[in-house]
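Asks: Just the structure for this:
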Amino acid sequence: MKWNPMGRAVKASVLSLAMTLGLSACSNDYTVSYLYMATSNSLPHGLINTYQVDYQNGHLYVMPDSPVDAGGRNTLAIVAAPNGKFLYTVNNFDSSVVEFAIGTDGKLYAEHTYNITGSLPTAAAIDAGGKFLYVTFTYQNTSSGQPLYTPANPGPGGVTVFPINSDNSLGSPFTVNTGRNPVGIATSSTGSFVYVIEQDSTTQANLLGFAENTTSGALTPLPGVTINSGNVASTGFTSGLNPAGVLGDAAGTHLYVSDKTANQIATYNVGANGVPTLAGTVATDGGPMGMSFDLMGKYLYVAANTGNVVNVFNVGSSGQLTRLSSGGTVQAGDGPTCVAVTGAPSNTDPHHAAYLYVSNQLSNNITGEQLNENDGTLVQMIGSPFGGSTLPSCVVAVQASPIRNR
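Replies: A predicted model of the protein is given here:
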């Protein structure tokens, strides 16, 4: 386990950081956001831990009805609708997606369960327009009389495309073919491109790109992407053997892919046609997985799963990453997987800070950090880590609107 001794004990305290960002100890307590953490190894179903995020200091308060039944087994992914009013869980063992409404008090209400078009889903993303939910899955269904696809007989995976109706229910799904073992997906902020990462041991071209039809949700492979059928590997853009996370920037001009085996983040320049061109790589601590930007898009935070830390990178004007010289490695729990950032940047709201949360798969908790938007540094908040259910898989934050009394 790596540890960054730089001032975790001697850095500015949470109180001094709060003063720097204009907080007042005499302010009322408010909920600025709700935090939802999916956990995968709870029987008979996975669970969703639900928390209120304190306006003043980011402290997490467990909601009265937490944890909530995730509606299926082995819940691996959780994604929030752009309007902040609905949440979807992806349940691997049941090959299903469950839709939850988010109440004005942050409570979750299960609405519908939907079957995907293949088996063993792994990740999900919603397009920028909020019109389609894309769910990657491991195996397509085989024709009658044909052997099932398995790790010994690795057939193609795919993406299930669900139209999102005006009430946030999901319409009839259809399938887009991908390569073998897709594990992650990201949609472009421009609303016209979708990127899938897969873990295919026969190729290092594991980044696939698609052009999105924003009317129908259909995906067309970008130039340079070849989608094959059966157990023939598909090929795309160079990414390494074991990509684990994919994230695009707010401008839609850069894409970032973490690789657990190479211990690196690859940076891509994205052309007007959506094609990503590898621009360079930077080293991380062991097993990088989930990533998140700060609220201003100036810093990138990476969960290093086997290093048990969060790596902090400055994002340059051309998208290049540079590890912070001071505070670039911050302790997390055991097996961090996902990163979520919420709150408001200090230059737009001087009354409270930005906050970062990390789901820790092996220590069954959440690390909470106050995020200084001025320099990207993190200071662990009082009360962290916050407890959770067994084997957290990912965490997502939803803004409370309006900010309400706790």
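Asks: Per-residue confidence, D105, what does it come out as?
Replies: Per-residue pLDDT puts D105 at 93.
Asks: and if you look at D349?
Replies: pLDDT, D349: 57.
Asks: In which helix or strand does the nearest residue to T190 once chain neighbours are set aside reside?
Replies: Computed as Cβ to Cβ, 6 or more residues apart in numbering, the closest residue to T190 that is not its neighbour in sequence is G252, at 3.9 Å. No exception for glycine: its C-beta is placed from N, CA and C like everyone else's. Following DSSP states H and E, there is no helix or strand that holds G252.
Asks: biggest strand in the chain, by residue count?
Replies: In the chain, with assignment by DSSP state E, the single longest strand is strand 392-405.
Asks: What helices and strands are in contact with that one?
Replies: Judged by 3 or more Cβ pairs under 8 Å, 6 or more residues apart in numbering; DSSP states H and E, strand 392-405 is in contact with strand 30-39, strand 47-54, strand 75-80, strand 336-343, strand 354-360, strand 365-371.
Asks: Give me whichever of these is most buried.
Replies: strand 354-360 (a mean of 27; mean count of other Cβ atoms under 10 Å).
Asks: Could you measure from the residue nearest to T190 over to V194?
Replies: Relative to V194, G252 is positioned 12 Å away (Cβ to Cβ, to the nearest Å).
Asks: what ranges do the helices span in this structure?
Replies: 14-20 (DSSP state H).
Asks: Tell me, how many residues neighbour T261?
Replies: By other Cβ atoms under 10 Å, 12 other residues sit near T261.
Asks: Run through the residues that contact the residue nearest to it when sequence neighbours are not counted.
Replies: Once flanking residues are discounted, T261 sits nearest to N242: 3.8 Å by Cβ to Cβ, 6+ apart. Counting by Cβ atoms under 8 Å, 6 or more residues apart in numbering, N242 makes contact with 199, 259-262.
Asks: Report pLDDT for N242.
Replies: pLDDT, N242: 92.
Asks: likewise P392?
Replies: On the pLDDT scale, P392 is placed at 95.
Asks: How about the one 10 residues further on?
Replies: The per-residue pLDDT reported for P402 equals 65.
Asks: again, but for S16
Replies: So, for S16, pLDDT stands at 38.
Asks: can you check the one 5 residues further on too?
Replies: The predicted local distance difference test score for L21 is 37.
Asks: Kindly report the same for the one 10 residues further on.
Replies: pLDDT for T31: 90.
Asks: swap in D167?
Replies: Looking at D167, its pLDDT reads 95.
Asks: Then the one 10 residues further on?
Replies: For N177, the pLDDT comes out at 93.
Asks: cool, the one 4 residues further on as well?
Replies: At N181 the predicted local confidence, pLDDT, stands at 91.
Asks: Need the phi and psi values for it.
Replies: phi 60, psi 60 (degrees, to the nearest 10).
Asks: distance of V62 from G387?
Replies: For V62, the distance to G387 (Cβ to Cβ) stands at 8 Å.
Asks: These two: who's more crowded?
Replies: V62 (14 against 11).
Asks: contacting residues around the residue lying closest to V159 once chain neighbours are set aside?
Replies: Excluding its sequence neighbours, the residue lying closest to V159 (Cβ to Cβ, 6+ apart) is V176, at 4.4 Å. V176 makes contacts with 158-159, 161, 210, 218-219, as judged by Cβ under 8 Å, 6+ apart.
Asks: of all those residues, which comes closest to T226?
Replies: Checking the contacts of V176 against T226 by Cβ to Cβ gives F210 as the nearest, at 12.4 Å.
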